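[1] Mind looking at a prediction? Sequence and model below.
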Amino acid sequence: MAKIIVVTSGKGGVGKTTSSAAIGTGLALAGKKTVIVDFDIGLRNLDLIMGCERRVVYDFVNVINGEANLKQTLIKDKRVDNLFILPASQTRDKDALTKEGVERVLNELSAEFDFIICDSPAGIESGAMMALYFADEAVVVTNPEVSSVRDSDRILGMLSSKSRRAEQGLEGIKEHLLLTRYNPERVLKGEMLSVEDVKEILAIELVGVIPESQAVLNASNSGQPVILDEESDAGQAYLDTVKRLLGEAVPFRFLTVEKKGFIKRLFGG
Amino acid sequence: MSLLDYFRSTKKNTASTAKERLQIIVAHERKRRSGPDYLPQLERDILEVIRKYVDIPADQVAVSLEQRGDELSVLELNITFPDEKR
Ligand SMILES: Nc1ncnc2c1ncn2[C@@H]1O[C@H](COP(=O)(O)OP(=O)(O)OP(=O)(O)O)[C@@H](O)[C@H]1O
Ligand SMILES: [Mg+2]
């Protein structure tokens, strides 16, 4: 039985796909057989971030409609063992994903894999609801910014009322806060909400803080999930995040501004 | 923190404004989520009725339904009237 983790946010463009790619790759690196499923129907993007866009033959909707089987459709990562991608369809039909269809595919994946990572589309429409419905755990991706925090809270409401676990009266979805695009310098200046602020407002467990980083753009430019850039701050922060998801207690890094020289500190800069 | 930052920080920073606003709106929305679906419409209807008599802004009416034990729910209506005569 696989553990199903949805990566969700409500607000768009906060880093769900970046995080899905990084976390999925990190879990596979840790020896867990992992599949990342792109639920963003119509706007397929995970394939680009994972660098396998030219290897897409069939997609999620083809599998649901019985036009292809999983074996034909799953794309095996060339860098990391145990890592597979299920690409989204580019159909414009928003209702291409049915609850029954999604359930059937997830069940089939569940028999094979340790982890299923669901990369949710933005919003609170059917696509996002479908991505979170079957989840056991949720990574709520949030930027330290008012509209993102508010939308994350709305998604938390959905997780606890509109999911399979909620509807069947099972134990609730385990919620994790992933703060991304964090800029300690701006926090210090009082221009950006701090980790503590966001934690206090959303009141869920913090699983990771990913700094705003040039490495993320470099990674997406070259189709390499940023977690493979082990030298980079964002890559290391995602490695820590994966360890925490696997239950390891890891101290948080990249929360404070690197120390500058005394003179520079005194006069600002 | 540098000396410059110290003097800058005497004026209220925007992050703390953001935090206060979020705390209020998130608490409000959570309460609404946990209440029955008709609550927002009830709130709008009440606002309309009051506006027939007094011109008050929307954020001055607060309706909440609180569960007190198994048997009892209390509908709380909080309306702040403008102090100056119009
Ligand atoms: N830590 C980071 N530092 C810098 N840029 C980042 C970071 N995380 C994400 N980004 C950038 O933010 C943009 C949006 O990221 P991404 O596509 O992962 O978001 P998303 O939540 O999946 O968006 P959508 O809602 O459209 O699916 C991208 O350009 C990405 O490079
Ligand atoms: Mg995305």
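    Looks like it arrived, so ask away. Computed from a predicted model, the values in this text were never measured in an experiment. Ligands and ions are numbered 1, 2, ... in the order given.

[2] Where do the strands of the stretch 151-269 of chain A begin and end?
    For the stretch 151-269 of chain A, strands defined by DSSP state E, counting those that start in this stretch occupy the ranges A:174-182, A:205-211.

[3] would you turn those strands into TSV with mean pLDDT and mean neighbour count?
    Every residue, glycine included, has its C-beta placed from N, CA and C. Output for the strands of the stretch 151-269 of chain A, formatted as TSV (pLDDT from 0 to 100; neighbours: other C-beta atoms under 10 Å in any protein chain shown):
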stretch	mean pLDDT	mean neighbour count
strand A:174-182	98	24
strand A:205-211	98	21
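
[4] Turn the ones you listed into JSON lines, columns for distance to residue A:246.
    Listed next are the strands of the stretch 151-269 of chain A as JSON lines, based on distance: least, C-beta to C-beta, whole Å:
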{"stretch": "strand A:174-182", "distance to residue A:246": "12"}
{"stretch": "strand A:205-211", "distance to residue A:246": "11"}
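
[5] Columns distance to ligand 2 on top of those, output as a markdown table?
    Listed next are the strands of the stretch 151-269 of chain A as a markdown table, based on distance: least, C-beta to the ion, whole Å:
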| stretch | distance to ligand 2 |
| --- | --- |
| strand A:174-182 | 12 |
| strand A:205-211 | 15 |
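
[6] how many other residues sit next to whatever residue of chain B ends up closest to chain A?
    With C-beta to the nearest C-beta as the measure, residue B:13 is the residue of chain B nearest to chain A, at 2.7 Å. Other residues lying near residue B:13 total 15 when counted by other C-beta atoms under 10 Å in any protein chain shown.

[7] The one 3 residues further on too?
    By the other C-beta under 10 Å criterion, the neighbourhood of residue B:16 contains 13 residues.

[8] Report the buried residues of the host helix or strand of it.
    Per DSSP states H and E: residue B:16 is located in helix B:14-34. Residues B:15, B:18, B:19, B:22, B:26, B:32 are the ones in helix B:14-34 that count as buried (16 or more other C-beta atoms under 10 Å in any protein chain shown).

[9] Is any residue of stretch B:36-48 near chain A?
    No - Stretch B:36-48 does not reach chain A (C-beta under 8 Å from any C-beta of the partner chain); its nearest approach is 11.6 Å.

[10] And that stretch, how far out from the chain middle?
    14 Å (C-alpha atoms, centre = their mean, to the nearest Å).

[11] do the same with stretch A:181-192
    23 Å.

[12] Kindly export it (C-alpha atoms) in CSV.
    Below are the C-alpha coordinates for stretch A:181-192, written out as CSV (Å, rounded to 0.1, in the frame of the first residue of the first chain):
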residue,chain,number,x,y,z
ARG,A,181,10.4,31.4,-1.6
TYR,A,182,11.5,32.5,1.9
ASN,A,183,13.8,35.5,2.0
PRO,A,184,15.3,36.0,5.5
GLU,A,185,16.7,39.4,4.6
ARG,A,186,13.3,40.8,3.9
VAL,A,187,11.9,39.1,7.0
LEU,A,188,14.6,40.9,9.1
LYS,A,189,13.6,44.2,7.5
GLY,A,190,10.0,43.6,8.5
GLU,A,191,8.9,43.4,4.9
MET,A,192,8.0,39.7,4.8
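
[13] what about it, near chain B?
    Yes - residues of stretch A:181-192 contacting chain B under C-beta under 8 Å from any C-beta: A:187, A:188, A:189, A:190, A:191, A:192.

[14] Show the model's pLDDT score for the first one.
    Per-residue pLDDT puts residue A:187 at 95.

[15] what about the closest residue to chain B within chain A, neighbour count?
    Proximity to chain B, evaluated over chain A using C-beta to the nearest C-beta, is greatest for residue A:190 at 2.7 Å. By other C-beta under 10 Å, 19 other residues sit near residue A:190.

[16] Let me see the contact set for it.
    When contacts are counted by C-beta atoms under 8 Å, 6 or more residues apart in numbering or on different chains, residue A:190 touches B:9, B:13, B:14, B:15, B:16.

[17] Tell me which two in these are the farthest apart.
    B:9 and B:14 (11.6 Å; C-beta to C-beta).

[18] coming back round to it: the residue of chain B closest to chain A: what's it in contact with?
    A:189, A:190, A:191.

[19] could you redo the last one with a cut-off of 7 Å?
    A:190, A:191 (C-beta atoms under 7 Å, 6 or more residues apart in numbering or on different chains).
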